[in-house]
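Enquirer: got a structure for you, letters missing:
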């Protein structure tokens, strides 16, 4: 059997390695138009920021080492120009000589990846760069170091844009600005959780221009960036607008692609509309495990798992790809941000009914030094408690908590399952009741009507109705340091003795710092005939949102 793989890195190289482990006799050819077939593309911003010192550390395998270990014919600097599916042949161009040749195949694998979006290609300037390859990272790093660069503008505030801002902050002389067309950074985040990201970046001196796209860039002595509203000047621009799947080869072959973005459509076996041609990675649309609909999710983890599925099926081990939930994590200076599942935007677009909960427990036992708050936002089914999506922010334990919850989402677990999880505990690592257990408890309390909850956004609307009042149950010291406007203040420990101060014709929207004491207050008040709703997230969450507006 002869298998040709178009493209390397996470998708193509992993497919080749797995296929060789399954079939020692197969003829495997891997063709890539770049200089490298296996490099740490997720590590490129960290090389630019000097966290990774040696560019050689980015190269996971060379063509020679890959061939020696896996007996794969690796051909770099070659581009597949055309696929002839009826003849089961491809036409390949050697980029260094423009020479073309034909190669036949039994099975063809497309892993071309995605290219950075660049609406300013007509402006040929060494001061404007995208980031995709090792060569791109070298050019960015050398230009900034060797030229009198003072102002850097990052256009696009997604994963790469934020990572670039953090890493470029290692150059103390740089003034950095992120321009984002949307209302908040990190598009998969909900807008309220994005406030944590904005706060941290601003604290580190990074300028944010939100809800304001770029119309044009002009090159004079400096780059002039014409915004939808206003303009700014910059010495250097890095485009991090997003990526576009490289599906043109597939489309030209007659394979079915997504009409909106050009991504290749595949079935559960990762086959295209031609059963002998497979596709994977950043070039394809894949099923979302939560919505059961096709979505574009360009991440390294799904690409690696898809590669295993492709190799298995080619080798005769029938395997299906069970979908993607978009699990991801991002380091943002002293904090970490993780996400899995779907967000509010997707729920609303697809008509999925959901509720939200926000909890901010300690990362480990509060009495053990160094405990930090972790803020977890979860979207869930209000009937059965199934977890749809989570967003986690904090300094410690974020990856651990997010991985547990990502597993819960993938396995379609509910809040009732989270309550029952028996997780590792010792004071330096967690609490006897893990943050995951606390999240489950909080959702179950809502489902079983022990308390009704509202978000701060909903509370703000309700506060305009004279039937509602806001009740602060924090301590005197906390209240004096800052409180919601016109909130009634009764500390939790005084509440039972001051019930007569409350008007039972009203509904009280109750808050504390993070939501735990206000839940206790709600249980006291409910059982004394007072109507209440607990404001999720507490004053801690409110203060972050308020300061971002």
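Expert: Cool, got the structure. Because the structure is predicted, anything quoted here is derived from the model rather than measured. Numbers count the residues shown, from 1 in each chain.

Enquirer: Would you mind listing where the stretch 401-549 of the chain has pLDDT under the threshold?
Expert: Counting by pLDDT under 70, the stretch 401-549 of the chain shows low-confidence ranges at 549.

Enquirer: Centroid-nearest residue for the chain?
Expert: residue 328 (4.6 Å; C-alpha atoms, centre = their mean).

Enquirer: How much space separates that residue from residue 12?
Expert: Noted for residue 328: a distance of 21 Å to residue 12, by C-beta to C-beta, to the nearest Å. C-betas here are computed from N, CA, C, even on glycine.

Enquirer: repeat for residue 533
Expert: 53 Å.

Enquirer: which residues does the closest residue to residue 492 other than its chain neighbours contact?
Expert: Once flanking residues are discounted, residue 492 sits nearest to residue 473: 4.3 Å by C-beta to C-beta, 6 or more residues apart in numbering. Contacts here follow C-beta atoms under 8 Å, 6 or more residues apart in numbering; on that basis residue 473 touches 490, 491, 492, 495, 510, 511, 512, 517, 518, 521.

Enquirer: Now intersect those with the strands, please.
Expert: Counting by DSSP state E, the contacts of residue 473 place 510, 511 in strands.

Enquirer: Which entries within the contacts of residue 473 meet the buried criterion?
Expert: 490, 491, 492, 495, 510, 511, 512, 517, 518, 521 (16 or more other C-beta atoms under 10 Å).

Enquirer: So which of residue 533 and residue 12 has more stuff around it?
Expert: residue 12 (29 against 20; other C-beta atoms under 10 Å).

Enquirer: if I read this right, that one contacts residue 3, doesn't it?
Expert: No: at 10.9 Å, residue 12 does not count as touching residue 3 under the criterion of C-beta atoms under 8 Å.

Enquirer: The nearest residue to the residue nearest to the centre of the chain once chain neighbours are set aside: neighbour count?
Expert: Take residue 328 and drop its neighbours on the chain: the residue closest to it by C-beta to C-beta, 6+ apart is residue 339, 5.5 Å away. Close neighbours of residue 339, defined as other C-beta under 10 Å, add up to 26.

Enquirer: Now do the same for residue 339: helix, strand or coil?
Expert: For residue 339, the secondary-structure state derived from DSSP: H, G, I helix; E, B strand; the rest coil is strand.

Enquirer: List the residues that contact it.
Expert: 188, 189, 326, 327, 328, 329, 389, 390, 391, 392, 402.

Enquirer: any idea how far residue 437 is from it?
Expert: The value you get for residue 339 to residue 437, if C-beta to C-beta is used, is 21 Å.

Enquirer: Give me the number of neighbouring residues for residue 468.
Expert: 17.

Enquirer: about what we covered before: give the residues shared as contacts by residue 12 and residue 3.
Expert: With C-beta under 8 Å, 6+ apart, residue 12 and residue 3 have common neighbours residue 109.

Enquirer: if we can go back for a sec, going by distance to residue 183, which of the contacts of residue 473 wins?
Expert: Comparing these against residue 183 with C-beta to C-beta places residue 511 closest, at 24.9 Å.

Enquirer: now residue 69, nearest residue through space, not along the chain?
Expert: Per C-beta to C-beta, 6+ apart, closest to residue 69 is residue 61, 7.7 Å.

Enquirer: ok, that neighbour touching residue 32?
Expert: No: using C-beta under 8 Å, residue 61 makes no contact with residue 32, being 11.7 Å away.

Enquirer: In terms of packing, which of those two has more residues around it?
Expert: residue 32 (26 against 20).

Enquirer: What are the neighbouring residues in contact with the closest residue to that one other than its chain neighbours?
Expert: Sequence neighbours aside, residue 8 is the residue nearest to residue 32 in space, at 4.5 Å (criterion: C-beta to C-beta, 6+ apart). Residue 8 makes contact with 30, 32, 34, 36, 37, 38, 74, 111, according to C-beta under 8 Å, 6+ apart.

Enquirer: okay, who's weakest in these by pLDDT?
Expert: Within the set of the contacts of residue 8, pLDDT is lowest for residue 38 (74).

Enquirer: Name the SS class of the residue nearest to residue 226 when sequence neighbours are not counted, please.
Expert: Leaving aside its sequence neighbours, residue 226 sits nearest to residue 216 (C-beta to C-beta, 6+ apart; 4.1 Å). Counting by three-state DSSP, the backbone at residue 216 sits in strand.

Enquirer: separation between residue 216 and residue 178?
Expert: Residue 216 is 18 Å from residue 178, by C-beta to C-beta.

Enquirer: go on, residue 9?
Expert: Taken as C-beta to C-beta, the span from residue 9 to residue 178 is 26 Å.

Enquirer: Equivalent analysis for residue 469, please.
Expert: 40 Å.

Enquirer: Counting neighbours, go ahead and name the busier of the two.
Expert: Neighbour comparison, residue 469 and residue 178: the larger count goes to residue 178, with 25 against 18 (by other C-beta under 10 Å).

Enquirer: Test my guess that that one contacts residue 160.
Expert: No: contact criterion C-beta under 8 Å: residue 178 and residue 160 do not qualify, at 11.1 Å.

Enquirer: buried stuff in the strand or helix carrying residue 457?
Expert: Assignment of secondary structure by DSSP states H and E places residue 457 within helix 456-463. Buried positions in helix 456-463, judged by neighbour count with 16+ other C-beta under 10 Å: 456, 459, 462, 463.

Enquirer: how about these in JSON lines, adding distance to residue 70?
Expert: Shown next, in JSON lines, are the buried residues of helix 456-463 (distance: C-beta to C-beta, whole Å):
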{"residue": "456", "distance to residue 70": "54"}
{"residue": "459", "distance to residue 70": "59"}
{"residue": "462", "distance to residue 70": "62"}
{"residue": "463", "distance to residue 70": "64"}
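
Enquirer: Which residue comes closest to residue 184 once chain neighbours are left out?
Expert: residue 194 (3.7 Å).

Enquirer: which residues does that neighbour contact?
Expert: 184, 185, 186.

Enquirer: Strands along the stretch 101-250 of the chain, start to end?
Expert: 107-110, 114-116, 128-130, 151-155, 175-180, 207-210, 214-219, 223-227, 231-234, 236-239, 243-245 (DSSP state E, counting those that start in this stretch).

Enquirer: Return the most buried member of these.
Expert: Neighbour counts (mean count of other C-beta atoms under 10 Å) averaged over each of the strands of the stretch 101-250 of the chain peak at strand 107-110, with a mean of 27.

Enquirer: Average pLDDT for it, rounded please.
Expert: In the prediction, strand 107-110 has an average pLDDT of 98.

Enquirer: That one packs against which elements?
Expert: If contacts are counted by 3 or more C-beta pairs under 8 Å, 6 or more residues apart in numbering; DSSP states H and E, strand 107-110 sits against strand 2-6, strand 277-279, helix 300-314.

Enquirer: can I assume residue 304 is in contact with residue 13?
Expert: No: assessed by C-beta under 8 Å, residue 304 is found out of contact with residue 13, at 9.7 Å.

Enquirer: Return the closest of the contacts of residue 339 with respect to residue 357.
Expert: Distances from residue 357 to these, taken by C-beta to C-beta, are shortest for residue 390, at 9.9 Å.

Enquirer: Off-centre distance for the one helix or strand that closest one maps to?
Expert: If you go by DSSP H and E, residue 390 is part of strand 387-394. From the chain centre to the centre of strand 387-394 is a distance of 11 Å (C-alpha atoms, centre = their mean, to the nearest Å).

Enquirer: partners of it in the sheet?
Expert: Each strand paired with strand 387-394, and its direction, by DSSP bridges: strand 335-341 (antiparallel), strand 374-380 (antiparallel).

Enquirer: For residue 407, find the nearest of the ones you listed.
Expert: strand 335-341 (8.8 Å).

Enquirer: can you give me the mean pLDDT across the closest one?
Expert: Rounded mean pLDDT across strand 335-341 is 97.

Enquirer: Could you give the number of residues near residue 278?
Expert: What residue 278 shows, counting by other C-beta under 10 Å, is a neighbour count of 29.
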